[in-house]
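**Q** structure for the following, please:
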Amino acid sequence: MLARRSFLGLMAGGFLPSAPFAATPSIVATTGMIADAAREMTGLPVTALIGPGMDPHGHRPTRSDILTLSRADLVLWHGLNLEAQFATLMAGLSQKTTVLAVAEALPADLLLSDPDYPDRPDPHVWFDPVLWSQVTQAMEPTLADFAPDVAAKGVAYRESVGAIGFYAKKVLDTIPAESRLLVTAHDAFSYFGRAFGLEVAGVQGISTDSEAGLSRIAALVDLLVNRRVPAVFVESSVSDRALRALIEGAAAKGHAVRIGGELFSDAMGPEGSYEGTWFGMMDHNATTIARALGGNAPERGALGVLGMNG
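**A** Got it, this is the predicted structure:
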C-alpha cells in the first residue's frame, strides 16, 4: 500500500511507500477525505467507513459500521448533512466518546447553500483548498489529544494543500472561456467551480437522492449545444445514466458531446493508490477536467503518477 508524504515532499522526492503505523488509538472517520487528512496530521491509522465508489449521501450505517464506531476512541464525521443517515447515531455516540463534525467549524458566510433546500449548506467543501485547509486546522485541537506534533504536521499538510491548489488553478485557467462549463452527474462541484472560476451544473441536485427531471435534462442539453461544450463528466460514486441522456440529447441536436472522464466527487480513488488520497483526487480531477475541456495539463498530473498505481 502506498501512503502519502506531504505533497511538497512528493514533488521533490517522488511517491514512495512509508513505514507502517502503530495500532492505537482507534480513530474512525466516515469519509476517505477526512480519514486521509487525519492520517497525515497524526501519523496514525484511521479507518474510513465510506470507501471508494460509495455514496455518503445515502449510506446507512451497517452493523459493522456501528460496531466499529462504538469501539473508536475518536470519531470524525463531516456534518453539514452529508452523511444524513448517521446523524442520530452520532448524537448517541457523542455521549460516550469524542465525536467531531469537522466541516461544521466553517463560518456560515463561507458556505454555499443547497438550491433545493436554501436552509441547508452545500457540504462538498473539500473541493475548495482554502476551505479544506480551514477544516483541517479546526481538527487540530481534537487530534492533538491523540497524537504528538499535530500542529507541525498540520502546517506541512496545509502547505501541501496550497501546492495542489496552485497546480489546479494553473491548469484549469488554460480552459478556453467558451468551454468553462463543468457538467457532472450531481451538483457536487460548486465549491470547486467557485475556487477555480468554472461554471458548474449537475444533472441531479446536491444530494444523490434527488431525481433528475426531463426539464432539467432538456435545459442542460440546450446549454451544452449553445455553448458548444465538448465534454461532460461521470462520477465514481454516481450512476452515469443521466449523463448518457445528455449525450444522446445533444447528438439529436447536432452537437457531439463525449464523456470527458470519471471524476472523484463524494469518494476518492482506490485505497492504496495516489488517487485514494485527497491530493491525488484533486490532481486527478483538475487534470481530467482541464484536458477534456480544451485546456493544457500533463497527462499524468502534477507528479506524473496519475493512473500508475490505482
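**Q** tally of neighbours for Ser215?
**A** Close neighbours of Ser215, defined as other C-beta atoms under 10 Å, add up to 8. Any C-beta I mention is one placed from the backbone N, CA and C, and that applies to glycine too.
**Q** for stretch 282-299, buried residues please.
**A** By neighbour count on 16 or more other C-beta atoms under 10 Å, the buried set for stretch 282-299 is 282-293, 295, 297.
**Q** Val232 looks like it's in a strand, true?
**A** Yes - according to DSSP: H, G, I helix; E, B strand; the rest coil, Val232 belongs to a strand.
**Q** against Gly260, how distant is the nearest residue to it once chain neighbours are set aside?
**A** The shortest distance from Val232 to any non-neighbouring residue, by C-beta to C-beta, 6 or more residues apart in numbering, is to Val183 (4.3 Å). For Val183, the distance to Gly260 equals 9 Å [C-beta to C-beta, to the nearest Å].
**Q** spit out the residues that contact those two alike.
**A** Common neighbours of Val183 and Gly260 (criterion: C-beta atoms under 8 Å, 6 or more residues apart in numbering): Val232, Phe233.
**Q** what residue ranges in the stretch 201-310 of the chain score low on pLDDT?
**A** Low-confidence segments of the stretch 201-310 of the chain (pLDDT under 70): 205-213, 237, 310.
**Q** distance from the lengthiest helix in the chain to the middle of the chain?
**A** With DSSP state H setting the assignment, residue counts place helix 150-172 as the longest helix in the chain. Distance, stretch centre to chain centre, for helix 150-172: 15 Å (C-alpha atoms, centre = their mean, to the nearest Å).
**Q** so what does that helix touch, helix or strand wise?
**A** helix 7-13, helix 32-42, helix 129-143, helix 190-196, helix 278-292 (3 or more C-beta pairs under 8 Å, 6 or more residues apart in numbering; DSSP states H and E).
**Q** give the contact list for the residue nearest the centre of the chain.
**A** With distances taken as C-alpha atoms, centre = their mean, Ser265 lies nearest the centre of the chain, 4.7 Å away. The contact partners of Ser265, by C-beta under 8 Å, 6+ apart, come to His124, Thr184, Ala185, His186, Ala188, Phe189, Glu235, Ser236, Ser237, Val238.
**Q** okay, the residues you listed in JSON lines with secondary structure, distance to Thr47 and neighbour count next?
**A** Output for those, formatted as JSON lines (DSSP: H, G, I helix; E, B strand; the rest coil; distance: C-beta to C-beta, whole Å; neighbours: other C-beta atoms under 10 Å):
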{"residue": "His124", "secondary structure": "coil", "distance to Thr47": "22", "neighbour count": "24"}
{"residue": "Thr184", "secondary structure": "strand", "distance to Thr47": "28", "neighbour count": "24"}
{"residue": "Ala185", "secondary structure": "strand", "distance to Thr47": "27", "neighbour count": "26"}
{"residue": "His186", "secondary structure": "strand", "distance to Thr47": "26", "neighbour count": "25"}
{"residue": "Ala188", "secondary structure": "coil", "distance to Thr47": "24", "neighbour count": "28"}
{"residue": "Phe189", "secondary structure": "coil", "distance to Thr47": "27", "neighbour count": "26"}
{"residue": "Glu235", "secondary structure": "strand", "distance to Thr47": "24", "neighbour count": "25"}
{"residue": "Ser236", "secondary structure": "coil", "distance to Thr47": "20", "neighbour count": "21"}
{"residue": "Ser237", "secondary structure": "coil", "distance to Thr47": "19", "neighbour count": "25"}
{"residue": "Val238", "secondary structure": "coil", "distance to Thr47": "24", "neighbour count": "25"}
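**Q** and which of these is nearest to Gly269?
**A** Nearest to Gly269 among these: Ser236, at 7.4 Å, using C-beta to C-beta.
**Q** pretty sure the closest one is touching Gly261, no?
**A** No - with contacts counted by C-beta atoms under 8 Å, Ser236 stays clear of Gly261, the gap being 10.5 Å.
**Q** circling back to that earlier point, secondary structure element for the residue nearest to Val232?
**A** For Val183, the element it lies in under DSSP states H and E is strand 181-186.
**Q** low-confidence ranges, the stretch 51-200 of the chain, go.
**A** Short version for the stretch 51-200 of the chain, where the test is pLDDT under 70: none.
**Q** Glu262: neighbouring residues, count only.
**A** Taking other C-beta under 10 Å as the criterion, the count of residues near Glu262 is 18.
**Q** quick one: the strands in the stretch 1-150 of the chain, in order.
**A** 27-31, 46-50, 74-77, 98-101, 113-114, 117-121 (DSSP state E, counting those that start in this stretch).
**Q** make TSV from the ones you listed and add mean neighbour count to it.
**A** As requested, the strands of the stretch 1-150 of the chain are exported to TSV (neighbours: other C-beta atoms under 10 Å):
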stretch	mean neighbour count
strand 27-31	25
strand 46-50	23
strand 74-77	25
strand 98-101	19
strand 113-114	17
strand 117-121	13
